[in-house]
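>>> Structure for the following, please:
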Amino acid sequence: MHKPPFVYIVGSGPGDPSLITVRGRECLGRADVVIYDHRVPEPLLNSAPDGAERIDVGAAAPKPLDQEAISYLLAEKAREGKIVVRLKWGDPFVFDSGGREALFLHENRIPFEVVPGVPLAIAGPAYAGVPITYPDGGDALILIRGHESETDEPNRIAWDHVAGIRGTLVCFAAARQVDTITRSLVAHGRAPEEAAVLVYDATSATQRTIEGTLGDIAGQAIDGRPALLVVGAVANFRQHLRWFDTRPLFGRRIVVTRAREQAGELISALEELGADVVALPAIRILPAENVAALDAACDAAASFDWIVFTSVNGVDQFMQRYLCRRDIRDLKGPRLCTVGPSSTAALTRYGMRADVTPAEYRSEGILPALREHGAIAGKRFLLPRAQIAREVLAEELRAAGGYVADVAAYSTVEAAEGSAQDIYRMLLDRQIDAVTFTSASTVRHFVELLGTEQAPDLLAPTVIAAIGPVTAESAQQLGLNPVVVPAHYTIPALVEALVDHFTANPVSVTASR
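Sure, this is the predicted structure:
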């Protein structure tokens, strides 16, 4: 069935991907084509369906000929019967070309919807701790076009009128524009002692705020980098209201090496505390090579006294294969043991409850925990584990007289995604504060990615964080020096240990960036 043409003109917000509106994300989720400004944060594009066409059209405020081409592109894609999302940085109607594009669609009788976005001029000051309006802070809010068109041309403003208005002035400006604006305001009567701030990379993990006065702020501007300039009495509130850049991991660039499918919890926790997270999955989780053996174990599961899960992956892979063949109610004979809270939570998702979880969240703690629930000798144990796994638990159970069926439920392989080139360069330039490892396999594959000989030297200035002693031992065997190892071997404990470390060691190796 041919779909009628339709275009959504959506504001992506100022940079933080989470600031897009609910309606905007809904529109992205049904897009056939996404036509976006290059300032739009890349994670937002992941909200579009996998098969959606993605087209980068450059600057947020393109030149006239480029703008005309974009408008025709919108119409062309819409007339093909596709749902088109025009993803605009900030808000489509605030110092942007969204109005021109909407008018072109109207003239060509192509239906459209405008989804507002959070403008940089509103969000940037808020993230810097500056309320752009405040009682007794002035009666006007003045927004001035600056670097939105990605040029450094001076503003053509009636400065004599602007300088006389009591209120707040906000402009996204390049260094030369900051100089022009501040000089013009002072020249037309505004006090040079008036408070001002420059906010770089507003709403992102690399945000930086410079405080000053109208008379000296231009001298502190970073050449070649646009910033949000805020002038007015409200800038004095920053030291009282700043919240974004006071979070305990703010400004720390931390690498997460966990498999992409499982990295979400760790990434979210780090970002919530202000970290700039670099996701570089070192491993991929694949089904076991010998699925027949796993299926046979599933069929015989009810004959075992215990099923012992030593990882979340073991739970997921076993349960998925089991549920393909049998009803969950059939799994009522054996008792279930999990190694820690994460594997326990994974089991809960399948409607099952763990009978035993050791106080020490590692394989070495399982045997003592099982002994508290009866004898080991003569009992049957099923261990759905990684294809390459430590033999400690299986050997201990056998030595205690148990029968052990050790079956490969999954395998871990080096992630084929992307290249190590960027992370190699960042480590070489000391732009990484910490690298996190959540398993021995992530350590092994990450080191192989960098090069086994180069990795120890590259990672020497960087904080190595291992989720537990087994992972830490694997790192040490490869020449690394883990300095963060939490007492409890969980993701929340790993994050808390990182916070404690950086609170005690406030100097950042990436402070110069």
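
>>> domains of the protein?
As assigned by automatic domain parsing, the chain contains the domains 6-117, 121-246, 253-282+415-504, 286-412.

>>> distance of the nearest residue to residue 260 once chain neighbours are set aside from residue 415?
In this structure, residue 260 finds its nearest non-sequential neighbour in residue 281, 4.5 Å apart by Cβ to Cβ, 6 or more residues apart in numbering. The C-beta positions use only the backbone N, C-alpha and C, and glycine is treated the same way. Counting by Cβ to Cβ, to the nearest Å, the separation of residue 281 from residue 415 is 4 Å.

>>> More neighbours: which of those two?
Each of residue 281 and residue 415 has its neighbours counted (other Cβ atoms under 10 Å); residue 281 has more, 22 against 19.

>>> okay, the domains of the chain in TSV with mean pLDDT next?
Formatted as TSV, these follow (pLDDT from 0 to 100):
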stretch	mean pLDDT
domain 6-117	92
domain 121-246	93
domain 253-282+415-504	90
domain 286-412	87
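
>>> returning to that earlier point: which residues do residue 281 and residue 415 both contact?
259, 260 (Cβ atoms under 8 Å, 6 or more residues apart in numbering).

>>> so where do the strands sit in the stretch 51-200 of the chain?
Counting by DSSP state E, counting those that start in this stretch, the stretch 51-200 of the chain has strands at residues 53-56, 83-88, 112-115, 140-144, 167-173, 195-200.

>>> try the stretch 301-450 of the chain
In the stretch 301-450 of the chain, strands defined by DSSP E, counting those that start in this stretch lie at 306-309, 335-338, 380-386, 403-414, 434-437, listed in chain order.

>>> gap between the longest one and the chain center?
What it means is strand 403-414. Taking Cα atoms, centre = their mean, to the nearest Å, one finds strand 403-414 lying 31 Å from the centre of the chain it belongs to.

>>> where's residue 158 relative to residue 453, distance?
65 Å.

>>> Nearest to residue 234, out of the strands of the stretch 301-450 of the chain?
strand 434-437 (35.6 Å; Cβ to Cβ).

>>> For the closest one, give me every contacting residue.
In contact with strand 434-437 (Cβ under 8 Å, 6+ apart) are residues 252-258, 266, 443, 446, 459, 462-467, 471, 474-475, 482, 484, 494, 498, 502.

>>> Now, those that are in helices?
In helices, defined here by DSSP state H, the members of the contacts of strand 434-437 are 266, 443, 446, 459, 471, 474, 475, 494, 498, 502.

>>> From those, pick the one nearest residue 175.
Nearest to residue 175, judged by Cβ to Cβ, of those is residue 502 at 31.4 Å.

>>> Assess the claim that the closest one and residue 433 are in contact.
Yes: Residue 502 is in contact with residue 433 according to Cβ atoms under 8 Å; the separation is 7.5 Å.

>>> show me the contacts for residue 224.
residue 175.

>>> Once you drop chain neighbours, what's closest to residue 172?
Closest to residue 172 by Cβ to Cβ, 6+ apart is residue 146, at 4.6 Å.

>>> count of neighbours near the one you found?
26.

>>> Now do the contacts for it.
Counting by Cβ under 8 Å, 6+ apart, residue 146 has contacts 155, 171, 172, 173, 174, 177, 181, 226, 229.

>>> make it 7 Å
By Cβ atoms under 7 Å, 6 or more residues apart in numbering, the contact list for residue 146 reads 155, 171, 172, 173, 177.

>>> From those, keep the buried residues only.
Using 16 or more other Cβ atoms under 10 Å as the burial test, the contacts of residue 146 include 171, 172, 173, 177 as buried.

>>> ok, back up a step: now render the strands of the stretch 301-450 of the chain as CSV, adding distance to residue 210 and mean neighbour count.
Below are those laid out as CSV (distance: least, Cβ to Cβ, whole Å; neighbours: other Cβ atoms under 10 Å):
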stretch, distance to residue 210, mean neighbour count
strand 306-309, 52, 27
strand 335-338, 50, 22
strand 380-386, 50, 23
strand 403-414, 43, 19
strand 434-437, 26, 26
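
>>> Quick one: closest of these to residue 38.
Closest among the strands of the stretch 301-450 of the chain, using Cβ to Cβ: strand 434-437, at 29.2 Å.

>>> Export that closest one to PDB, keeping only CA atoms.
C-alpha atoms of strand 434-437 as PDB (Å, rounded to 0.1, in the frame of the first residue of the first chain):
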ATOM      1  CA  ALA A 434      39.900   4.700  33.300                       C
ATOM      2  CA  VAL A 435      39.300   1.400  31.600                       C
ATOM      3  CA  THR A 436      36.800  -1.000  33.100                       C
ATOM      4  CA  PHE A 437      36.800  -4.800  32.800                       C
END
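
>>> in its sheet, what does that strand sit against?
If you go by DSSP bridges, strand 434-437 pairs up with strand 253-256 (parallel), strand 463-466 (parallel).

>>> and the residue located most distally from the centre of the chain, what does it touch?
Distance from the C-alpha centroid of the chain, by Cα atoms, centre = their mean, peaks at residue 378 (48.7 Å). Under the criterion of Cβ under 7 Å, 6+ apart, the contact list for residue 378 reads residue 401.

>>> so where do the helices sit in the stretch 1-150 of the chain?
Taking DSSP state H, counting those that start in this stretch, the helices of the stretch 1-150 of the chain run over residues 22-29, 42-45, 64-79, 98-107, 120-127.

>>> of those helices, which approaches residue 385 most closely?
Among those, helix 42-45 comes nearest to residue 385, with 33.5 Å by Cβ to Cβ.

>>> Now do the closest one: everything it contacts.
By Cβ under 7 Å, 6+ apart, helix 42-45 touches 12, 17, 20, 34, 36, 54.

>>> Relative to residue 396, how far out is the first one?
It stands for residue 12. Residue 12 is 54 Å from residue 396, by Cβ to Cβ.

>>> Quick check on those two: which one has the bigger neighbour count.
Per other Cβ under 10 Å, whichever of residue 12 and residue 396 has more neighbours is residue 12, with 31 against 18.

>>> dump the residue contacts of the closest residue to that one other than its chain neighbours.
Spatially, and ignoring its direct neighbours in sequence, residue 12 is nearest to residue 40 (4.7 Å; Cβ to Cβ, 6+ apart). With contacts taken as Cβ under 7 Å, 6+ apart, residue 40 has the following neighbours: 12, 87, 89.

>>> Could you do residue 342 as well?
Neighbouring residues of residue 342 by Cβ under 7 Å, 6+ apart: 312, 490, 491.

>>> where's the closest residue to residue 114 other than its chain neighbours relative to residue 280, distance?
Residue nearest to residue 114 in three dimensions, not counting chain neighbours: residue 9, with 4.9 Å by Cβ to Cβ, 6+ apart. Distance, residue 9 to residue 280, by Cβ to Cβ: 34 Å.

>>> isn't residue 120 right up against residue 226?
No: assessed by Cβ atoms under 7 Å, residue 120 is found out of contact with residue 226, at 10.1 Å.

>>> Could you report the neighbour count for residue 303?
Under the neighbour criterion other Cβ under 10 Å, residue 303 is assigned a count of 11.

>>> Please name the nearest non-neighbouring residue to it.
Nearest residue to residue 303 in three dimensions, chain neighbours excluded: residue 380, at 6.7 Å (Cβ to Cβ, 6+ apart).
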